[in-house]
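Asker: Here is my input; please provide its structure:
(2 chains)
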Number of protein chains: 2
Amino acid sequence: MKRTTILAVILATLAGVVAFTPTKPRHATAQEAAPIFVKKIPAGYRDWKVVSVAHEAGELNDIRAVLGNDIAIKAYRDGKLPFPEGAIVGRIAWSFVSSEENNKVFGRDQSFVAGSPTDIYLQFMVKDSKKYAATGGWGYSSFDKDGKPTDEEAMKKCFPCHQAIKDRDFVFSRYAP
Amino acid sequence: MKRTTILAVILATLAGVVAFTPTKPRHATAQEAAPIFVKKIPAGYRDWKVVSVAHEAGELNDIRAVLGNDIAIKAYRDGKLPFPEGAIVGRIAWSFVSSEENNKVFGRDQSFVAGSPTDIYLQFMVKDSKKYAATGGWGYSSFDKDGKPTDEEAMKKCFPCHQAIKDRDFVFSRYAP
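Answerer: Model (predicted):
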């Protein structure tokens, strides 16, 4: 490109940005911005403290531990909302497996334990009000058993679903005593 | 009692002990000794790392987190048996509750979460090969929601039941990845 053409492109781009900003409707919410997903598994998550445990039946058919980093656990224990910056809430999901070994000892079919990692093995919510403003201040992430981020299309459902519990700062899990 | 009577009782007692010891069958195992139960909740257990999670249906109807102190977690991760001295494996059991809130969001009855502490809220196994020789080197403990040790009669079932997994050093729970 000639120098004048380049300049024209730059000016047009700048004009576009400038033009865009004031014309954006005032009622536009953060949700309209593209969500940013977290692509990295938080270091040391397997050492985190327990928030709670749960079982999802149906298609998921998993049993899960919900964990929190120290910032999240402190907020939970203090009963303070919203969660502070840097809080991370995660969950590990294992397949929901009937334990033959345990049932034999109990003499009853009653024991279900954690099996292998599920297809959606790990999920985390990372609090950064600025970075993840488009999704309520939380960055969502999801990883398979090999540690690879799962399908981004499916991830787009995270925030709309978590909006149901906006009054608990978008976090479903309550702290188990 | 007169001095001579006291002496007679002492002598009889000593004689009984002496007489008992050599006549005890050689195949007598540690199990025949009275089990010693742990009566104190280990400090800081709620901060321990996760070993696994489980659901006990039937009468128990709980959902539980199995946790380990650092010694136990290291042994689990290293895959080393028997567990070293000082290892403690614990479990917290909450009532198994269908979550109306979650089900509403999912549009399906599929979500079960941890409710209030169960009647047998906390249980721990404390490794001390000498102190708890009578029960396979593990001291068993069990506490209700108020932190009080539960019925000792029921506790007597701990070790006989755990003997089923003697080859895993009497610990049922496997480490979840």
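Asker: C-alpha only now, for contacts and for neighbours.
Answerer: Fine.
Asker: give me the element A:D146 is part of.
Answerer: Secondary-structure assignment from DSSP states H and E places A:D146 in no helical or strand segment.
Asker: how about the helices in chain A?
Answerer: Along chain A, the stretches classed as helices by DSSP state H are A:3-23, A:70-78, A:100-106, A:152-155, A:158-162.
Asker: Just the buried positions in the last one, please.
Answerer: Spelled out, that is helix A:158-162. Under the neighbour-count criterion of 16 or more other C-alpha atoms under 10 Å in any protein chain shown, helix A:158-162 has A:158-159, A:162 buried.
Asker: now these in JSON lines, with pLDDT and distance to chain B?
Answerer: JSON lines is the format used below for the buried residues of helix A:158-162 (pLDDT from 0 to 100; distance: C-alpha to the nearest C-alpha, whole Å):
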{"residue": "A:C158", "pLDDT": "94", "distance to chain B": "12"}
{"residue": "A:F159", "pLDDT": "95", "distance to chain B": "12"}
{"residue": "A:H162", "pLDDT": "96", "distance to chain B": "9"}
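Asker: Go through those and say which is closest to A:D78.
Answerer: A:H162 (21.9 Å; C-alpha to C-alpha).
Asker: For chain A, what lies in contact range of chain B?
Answerer: For chain A, the residues found near chain B under the criterion C-alpha under 8 Å from any C-alpha of the partner chain are A:46-50, A:52-58, A:63-65, A:94, A:102, A:105, A:110-117, A:161, A:164, A:172, A:176-177.
Asker: buried subset of the residues you listed?
Answerer: Among those, the ones that count as buried by 16+ other C-alpha under 10 Å are A:46, A:48-50, A:52-56, A:63-65, A:94, A:102, A:110-117, A:164, A:176-177.
Asker: What is the nearest of the buried residues of helix A:158-162 to A:L81?
Answerer: Using C-alpha to C-alpha as the measure, the one of the buried residues of helix A:158-162 that approaches A:L81 most closely is A:H162, at 15.4 Å.
Asker: Enumerate every residue touching the closest residue in space to that closest one that isn't next to it in sequence.
Answerer: By the measure of C-alpha to C-alpha, 6 or more residues apart in numbering or on different chains, the closest residue to A:H162 outside its immediate chain neighbours is A:F170, 5.1 Å from it. Under the criterion of C-alpha atoms under 8 Å, 6 or more residues apart in numbering or on different chains, the contact list for A:F170 reads A:136, A:162-164.
Asker: same question, A:I36
Answerer: Going by C-alpha under 8 Å, 6+ apart, A:I36 touches A:131-132, A:134-135, A:139-140.
Asker: quick check: mean pLDDT across stretch A:33-51?
Answerer: When the per-residue pLDDT values of stretch A:33-51 are averaged, the result is 95.
Asker: Next, the distance between the ends of it.
Answerer: Distance between the two ends of stretch A:33-51: 31 Å, counting by C-alpha to C-alpha, to the nearest Å.
Asker: quick one: it to chain centroid distance?
Answerer: In this view, stretch A:33-51 has its centroid 7 Å away from the chain centroid, taken as C-alpha atoms, centre = their mean, to the nearest Å.
Asker: again, but for stretch A:60-70
Answerer: Using C-alpha atoms, centre = their mean, the distance from the centre of stretch A:60-70 to the centre of the chain it belongs to is 12 Å.
Asker: Any chance you could give me stretch A:136-149 in CSV, C-alpha atoms only?
Answerer: Only the C-alpha atoms of stretch A:136-149 are listed here, as CSV (Å, rounded to 0.1, in the frame of the first residue of the first chain):
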residue,chain,number,x,y,z
GLY,A,136,-20.9,-10.4,35.6
GLY,A,137,-17.3,-10.0,36.7
TRP,A,138,-16.6,-13.7,36.5
GLY,A,139,-14.5,-15.4,33.8
TYR,A,140,-15.7,-18.8,33.1
SER,A,141,-13.6,-21.8,32.1
SER,A,142,-14.2,-25.5,31.4
PHE,A,143,-11.6,-28.2,30.7
ASP,A,144,-11.8,-31.9,29.6
LYS,A,145,-9.9,-34.7,31.3
ASP,A,146,-6.8,-33.9,29.2
GLY,A,147,-6.8,-30.3,30.5
LYS,A,148,-8.0,-28.8,27.2
PRO,A,149,-10.6,-26.1,27.2
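Asker: If you count neighbours, what's buried in that stretch?
Answerer: By neighbour count, and taking 16+ other C-alpha under 10 Å as the criterion, the buried residues in stretch A:136-149 are A:136-145, A:149.
Asker: who touches A:V53 in this structure?
Answerer: Remark: with contacts taken as C-alpha under 8 Å, 6+ apart, A:V53 is in contact with A:63-66, A:176, B:53, B:63-65, B:113-114.
Asker: Please identify which pair of those residues lies farthest apart.
Answerer: Spatial extent of the contacts of A:V53 (C-alpha to C-alpha) is set by the pair A:I63 and A:A176 at 15.5 Å.
Asker: Specify which member of the buried residues of stretch A:136-149 is nearest to B:E153.
Answerer: The shortest approach to B:E153 among the buried residues of stretch A:136-149 belongs to A:K145, at 43.7 Å (C-alpha to C-alpha).
Asker: so what pLDDT did the closest one get?
Answerer: Per-residue confidence (pLDDT) for A:K145: 96.
Asker: pLDDT below threshold where in chain A?
Answerer: In the prediction, chain A carries residues with pLDDT under 70 at positions A:1-32.
Asker: Apply 90 and report the result again.
Answerer: Per-residue confidence of chain A (counting by pLDDT under 90) places the weak regions at A:1-34, A:105-106, A:154.
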